[in-house]
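Enquirer: Structure here, sequence nowhere to be found:
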């Protein structure tokens, strides 16, 4: 029985102890709970951190390897490009040198050819000289022709005058005007008078007063090399209707001495005058 | 009265009419009588005589009327006012050739005075009637009709257009081929008058093949014909490049150069005008003419003639030189610059001098070689003098200034530039000094010459505001010389030295 009492008192103490411990535990429960939570959270955090850092490290490794790879690839590309550019620059510079030489040559040979220009200018000077000389000769020739024509005209005028002045010829008895006895030798007109054979004057068709031919001043009729009586200005108003023919000469008019005069003296029929006005 | 006596009365009247008309025609041939005749009322008397029964009286009356209208434009206006023109035009179609000639003469005499009178002739159908006359056989009629058309066409483009529209041009080209010299002349002159107004008219004439016929007549001995032919060709070629090329393709050029020694001065002038009109368009055309020796011929021509005749030659040289420096060098080598210098000094008219100044400017402005050629002929002081002369016309001043400036900008021939240092106004002086500042740094002989000839002294005397280009050039020149020399040449140096002398105390 003592044991029972002991046990019962132990039981009571036990209950008291139990209750004390429970109440203590109850008091400490929150603290301990909080502490446990903290420890657990911290531990979990450590776990997570370790995991994260592990992940980070691995990620870093992957990224590092990848970046190195791409960078090397890019670098290789850059090197290729730089090499290419260097080659192109070189080619271009060589091309520039070639083109420079070529263009210099081309321009100097074909476009601004100094020697061609020089020879052109020399040729031009020679051509100018030639042209000047030829023009001078041409002018000279023309002048001579004109002088010749003038002379012929003059001579025919003189011969014509000689024909008209036949009456001034000197006879055996009576010296003429141009053959004065005080002269050492006869005048040239006298000689001409002696050469020219007398020709009876021919009557021409009289021209109308208001001549309607070349009314607005056209060319003067050209002076033919042959003899012709002048335009006898008629004062008659009414014009006859047909031209009058010259008398038929029995002998040909030929000069004995000068061939020049024979050229001048070949007979011609007087021209028919157009523009005859009929009423 | 018997029949014979009655008829005699009529014959007497006819004789007296004939005598009146012929006397009036003879009197009308002199210009002094025109006014007296007009006051005596000749128009109202001649008008009914133009409708006379007898053809010769009609013709003589028309001739008298034509002569009167020729001399005085009052009478020409009276002819238009009194409606004589429609009657003339009508009779142009029907009558015989003498009447046609006289009627065409009247139309010409009326049309020549003014564009309004020509318009009146055109308005009453004169052009069509004249074109019909161009188809006649008689060369005198054709000549009179062509002459009248020429006078109508001379005034302005619309009248020429009305002539072209009437189909006159193929007929005129046919007239060119006729043997009569007078007809050829008149046809060429009419074509020239038609072509001169606008490019379209010229093109119409060219399309009928006129150029070939004109080209064949260049070496004809008749001087007046040649005048008209060259005038026609120059009027055609002046309008455009293609027309000028067509004229050149007719291969007139080496042959036409020979006509520059023709005794007739107007032939020479017209050839030069043709060359000028061709040359002004493109360098290739100028090259053609230069290559056949045209430059030498024109320069000799300039030496022979005087006054206004020189103008086309001078302008031709200017146009040739303007195209390229090659051609300008060709002008210089053909001894053009001394000739132009002669022209500049001999001529007194301002427009000729202006043209000469322009030509010289065109020659000299290309390269230093060209400018040197101009400067050695002593032309720069002359141009300066023309510019400075107060009595020069404005055009002359402007042209000589431009020429001077353009030559100065290329001139490196210092002895030619020195005279200009002394007289030139500041605008020109700027260019002169600029040229000195370009040449002096590189040429030691030139520097020496510059100092010894007094140029440096003159440059020191020039006053210029600092900051202007002139001052910069002066500074550039001064920097070519050692300081002592610059100080020595500066104005007032002797006074400065004397002052120093005053203040100097011998030790």
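Expert: Here it is on my side, so go on. No experiment lies behind these values; they were computed from the predicted model shown. Residues are numbered from 1 along each chain as shown, chains lettered A, B, ... in the order given.
Enquirer: drop to CA atoms for contacts and neighbour counts, all remaining ones
Expert: Will do.
Enquirer: check which helix or strand covers residue B:56.
Expert: Using DSSP states H and E, residue B:56 sits in helix B:55-71.
Enquirer: ugh, wrong one, I meant residue B:284
Expert: Secondary structure (DSSP H and E) places residue B:284 in helix B:283-291.
Enquirer: anything in the next helix or strand after that helix near chain A?
Expert: Downstream of helix B:283-291, the first helix or strand assigned by DSSP H and E is helix B:294-304. Yes - counting by Cα under 8 Å from any Cα of the partner chain, chain A has neighbours in helix B:294-304: B:295, B:296, B:297.
Enquirer: Over to stretch B:32-50?
Expert: No - judged by Cα under 8 Å from any Cα, stretch B:32-50 and chain A are separated, with a smallest distance of 15.6 Å.
Enquirer: which sections of the stretch 1-150 of chain B are below the confidence cut-off?
Expert: Across the stretch 1-150 of chain B, the ranges flagged by pLDDT under 70 are B:1.
Enquirer: 80 instead, please
Expert: B:1, B:93-95 (pLDDT under 80).
Enquirer: Within range of chain A, give me the residues from it.
Expert: So the stretch 1-150 of chain B meets chain A at B:19, B:22, B:25, B:26, B:54, B:56, B:60, B:98, B:102, B:105, B:140, B:144 (Cα under 8 Å from any Cα).
Enquirer: let's go with 7 Å and repeat that
Expert: B:22, B:98, B:140 (Cα under 7 Å from any Cα of the partner chain).
Enquirer: Repeat that for the stretch 151-300 of chain B.
Expert: B:182, B:258, B:261, B:291, B:293, B:296, B:297.
Enquirer: Let me know the closest of those to residue B:242.
Expert: residue B:291 (19.9 Å; Cα to Cα).
Enquirer: In which helix or strand does the nearest residue to that closest one once chain neighbours are set aside reside?
Expert: Distances taken as Cα to Cα, 6 or more residues apart in numbering or on different chains place residue A:124 nearest to residue B:291, at 6.9 Å, with adjacent residues excluded. Assigned by DSSP H and E, residue A:124 belongs to helix A:114-164.
Enquirer: and the angle for the next helix or strand along the chain from that helix with helix A:114-164?
Expert: Using DSSP H and E, the helix or strand that follows helix A:114-164 in sequence is helix A:188-195. Counting by axes from the mean of the first three to the mean of the last three Cα atoms, to 10 degrees, helix A:188-195 lies at 70 degrees to helix A:114-164.
Enquirer: I'd like to know which elements helix A:188-195 is packed against.
Expert: Counting contacts by 3 or more Cα pairs under 7 Å, 6 or more residues apart in numbering or on different chains; DSSP states H and E, helix A:188-195 packs against no other helix or strand.
Enquirer: Now it: average pLDDT?
Expert: Per-residue pLDDT values over helix A:188-195 give a mean of 84.
Enquirer: Tell me how far residue A:12 lies from residue A:18.
Expert: 9 Å (Cα to Cα, to the nearest Å).
Enquirer: whoops, residue B:107 was the one
Expert: 162 Å.
Enquirer: The two: which is more packed in?
Expert: Set side by side, residue B:107 and residue A:18 show more neighbours around residue B:107, with 34 against 14, by other Cα atoms under 10 Å in any protein chain shown.
Enquirer: Any regions of chain B where pLDDT drops low?
Expert: Flagging of chain B using pLDDT under 80 yields the residue ranges B:1, B:93-95, B:507.
Enquirer: What is the burial count for whichever residue of the stretch 101-250 of chain B sits closest to chain A?
Expert: Proximity of the stretch 101-250 of chain B to chain A (Cα to the nearest Cα) peaks at residue B:182, 6.3 Å away. Neighbourhood size, residue B:182 [other Cα under 10 Å]: 21.
Enquirer: Which residues are in contact with the residue of the stretch 51-200 of chain A found nearest chain B?
Expert: Residue of the stretch 51-200 of chain A nearest chain B, by Cα to the nearest Cα: residue A:128 (5.2 Å). Remark: with contacts taken as Cα atoms under 7 Å, 6 or more residues apart in numbering or on different chains, residue A:128 is in contact with B:293, B:296, B:334.
Enquirer: Alright, I will stop here.
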